[in-house]
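[1] the following comprises the amino acid sequence and a computationally predicted model.
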Amino acid sequence: MTASIQERLIEDMKKAQKERDKLRLGAVRWIRDAIQKRAKDVGHELDASEAAEVLTSLAKKYRESIEQARKGGREEMASKEESELSVLEQYLPKQLTKEEIEALIDEVIAATGAKGPKDMGVVMKSIKPKWSGRADGREVSEIARSKLNRN
């Protein structure tokens with residue numbers, strides 16, 4: 001885990017403990033544990049991009065959980081999850097806009113010489129390091145697919 005994210009999480013954890021903010025403390029611990037678990041799984045400290053992937057994945061899980069809680073009529077649980085998600089979002093890197101994603105995809109298509117849908121794998125492999133943790137993979141994939149289908 002990058003030193004800055006780790007330091008920030010530790011400082012925020014201490015602050016939440018002093019302020020007796022159980023919700024924030026729990027969310028920060030959850031985030032820190034998830035990053036540490038991924039670092040242990042891969043066998044090395046995470047760089048900023050890898051940490052961002054973990055945070056993006058957690059945010060996605062929170063959003064899905066909120067949706068399921070609402071469908072199940074559990075508004076109190078959804079509200080709690082939304083509060084925790086808002087804490088998590090403070091650590092996420094700035095997310096790419098649709099226009100920025102499209103520009104990256106155009107750049108990669110030009111660089112790889114991709115001609116059509118059969119080149120989707122090449123485009124996605126080449127673009128992943130450029131957006132990882134800063135955009136939803138499904139959105140990137142959909143935009144890339146639509147651009148390749150036009151070629």
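    Yep, that arrived.
[2] what stretches of this protein score poorly on pLDDT?
    Within the chain, the segments meeting pLDDT under 70 span 1-3, 151.
[3] who are the neighbours in contact with the most centrally placed residue in the chain?
    With distances taken as Cα atoms, centre = their mean, T56 lies nearest the centre of the chain, 1.3 Å away. Residues near T56 by Cβ atoms under 8 Å, 6 or more residues apart in numbering: 92, 133-134, 136. (C-beta placed from N, C-alpha, C; glycine too.)
[4] could you check how far it is from S132?
    Using Cβ to Cβ, to the nearest Å, one gets 8 Å for the distance from T56 to S132.
[5] just read off the phi/psi values of A135.
    For A135, the backbone dihedrals (degrees, to the nearest 10) come out as phi -160, psi 160.
[6] is it true that it touches E99?
    No: A135 lies out of contact with E99 (Cβ atoms under 8 Å); the separation is 11.7 Å.
[7] looking at these two, which has the bigger crowd around it?
    More neighbours surround A135 than the other of A135 and E99, with 21 against 8 (other Cβ atoms under 10 Å).
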